[in-house]
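In: Give me a model of this one.
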Amino acid sequence: MLLIALTVMVSCKKDTDPADKDFFVGTYKGTVSYRNGETTINSSDGKVTVSKVGETYNFYFGSNIPDITGVKFEKTGDNSYVSVGSGLTGISIDASNLKILVVKDGQTWTANCTR
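Out: The predicted structure follows:
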């Protein structure tokens, strides 16, 4: 038993950087909103589900809020990232916080969420 335990402990790498993993893929909960002209949707108990497809990330909102897709990120600190690219700036994310302020094509998305 001791030999098995020792083998498992030695074979587990502890030096894997969380940035090498998709550590912010998942569901964040908090306050979300969306505005498009006369339409305004606010939710204090909203959620945003983050998924990764290739090199881009998608943000799926509940509450009839349109999704934000095809977002690329750039690392800004210790495992913190900000969105980059055409019209999709204003998203910052890490393992426990998601903040969104995206204005594109007359639409505005906001989120202040945690997990």
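
In: From now on I want contacts and neighbour counts done on CA atoms only, so please keep to that.
Out: Noted.

In: Strands of this structure, start to end?
Out: For the chain, the strands defined by DSSP state E occupy 26-36, 39-53, 56-61, 68-75, 81-84, 91-93, 97-104, 107-114.

In: Take those strands and lay them out in CSV including mean pLDDT and mean neighbour count.
Out: Output for these, formatted as CSV (pLDDT from 0 to 100; neighbours: other C-alpha atoms under 10 Å):
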stretch, mean pLDDT, mean neighbour count
strand 26-36, 96, 19
strand 39-53, 94, 15
strand 56-61, 94, 18
strand 68-75, 90, 16
strand 81-84, 86, 19
strand 91-93, 92, 19
strand 97-104, 94, 18
strand 107-114, 96, 19
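
In: contacts for stretch 31-44?
Out: Under the contact criterion C-alpha atoms under 8 Å, 6 or more residues apart in numbering, stretch 31-44 has outside partners 30, 45-47, 63-65, 106-113.

In: hmm, try it at 6 Å
Out: 45-46, 107-112 (C-alpha atoms under 6 Å, 6 or more residues apart in numbering).

In: what do you get for stretch 93-109?
Out: Stretch 93-109 has contacts (C-alpha under 6 Å, 6+ apart) with 23-24, 33-36, 80-81, 87, 90-92, 110-115.

In: what does stretch 63-76 give?
Out: Under C-alpha under 6 Å, 6+ apart, the answer for stretch 63-76 is 56-61, 81-84.

In: Can you give me the distance of residue 25 to residue 93?
Out: Plainly put, residue 25 is 10 Å away from residue 93 if you go by C-alpha to C-alpha, to the nearest Å.
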